[in-house]
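In: curious how this folds, go ahead:
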Amino acid sequence: MQIEILTPEKKIFSGDIYGLQLPGVGGSFEVLEKHASIVSALGIGILKVLHDNKGKTTSYNITGGFIEVLNNKATVLIENAVAI
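Out: Residues are numbered from 1 along each chain as shown. The predicted structure follows:
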């Protein structure tokens, strides 16, 4: 799945990944390859990029935003992100 993670200042991440774990406003959720189309609000928490199915990840503390998944591409728009 293709992903772009963007803040108002810069592009945080762009590339092909296995999946995402996200802090939704109603609880955490996961988006994997060929996920159904969605638009969802994100809350404060940890966004985890799953690079492969063997456990390689990159994590960010985020302060809210939105995700859109359409045609196996995810776009994550967030207010702020700090790599952890």
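In: and the strands in this protein?
Out: 2-6, 11-16, 19-24, 27-32, 38-50, 57-70, 73-78, 81-83 (DSSP state E).
In: how about JSON lines for the ones you listed, with mean pLDDT added?
Out: Output for the strands of the chain, formatted as JSON lines (pLDDT from 0 to 100):
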{"stretch": "strand 2-6", "mean pLDDT": "96"}
{"stretch": "strand 11-16", "mean pLDDT": "94"}
{"stretch": "strand 19-24", "mean pLDDT": "96"}
{"stretch": "strand 27-32", "mean pLDDT": "95"}
{"stretch": "strand 38-50", "mean pLDDT": "96"}
{"stretch": "strand 57-70", "mean pLDDT": "96"}
{"stretch": "strand 73-78", "mean pLDDT": "96"}
{"stretch": "strand 81-83", "mean pLDDT": "92"}
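In: out of the ones you listed, which is the most enclosed?
Out: Highest mean neighbour count among those (mean count of other C-beta atoms under 10 Å): strand 19-24, with a mean of 19. In short, each C-beta sits where N, CA and C put it, glycine included.
In: now the angle from it to strand 27-32?
Out: Here the directions of strand 19-24 and strand 27-32 differ by 160 degrees (axes from the mean of the first three to the mean of the last three C-alpha atoms, to 10 degrees).
In: what is the orientation angle of strand 19-24 with strand 38-50?
Out: Using the same axes, to 10 degrees: strand 19-24 against strand 38-50 is 120 degrees.
In: so in that sheet, which strands flank strand 19-24, and in what orientation?
Out: strand 27-32 (antiparallel), strand 38-50 (antiparallel) (DSSP bridges).
In: right, and those - which one's nearest I3?
Out: Among the strands paired with strand 19-24, strand 38-50 comes nearest to I3, with 7.2 Å by C-beta to C-beta.
In: contacts for the closest one, please.
Out: 3, 5, 13, 17-25, 28-29, 31, 56-69, 76, 78, 81, 84 (C-beta atoms under 8 Å, 6 or more residues apart in numbering).
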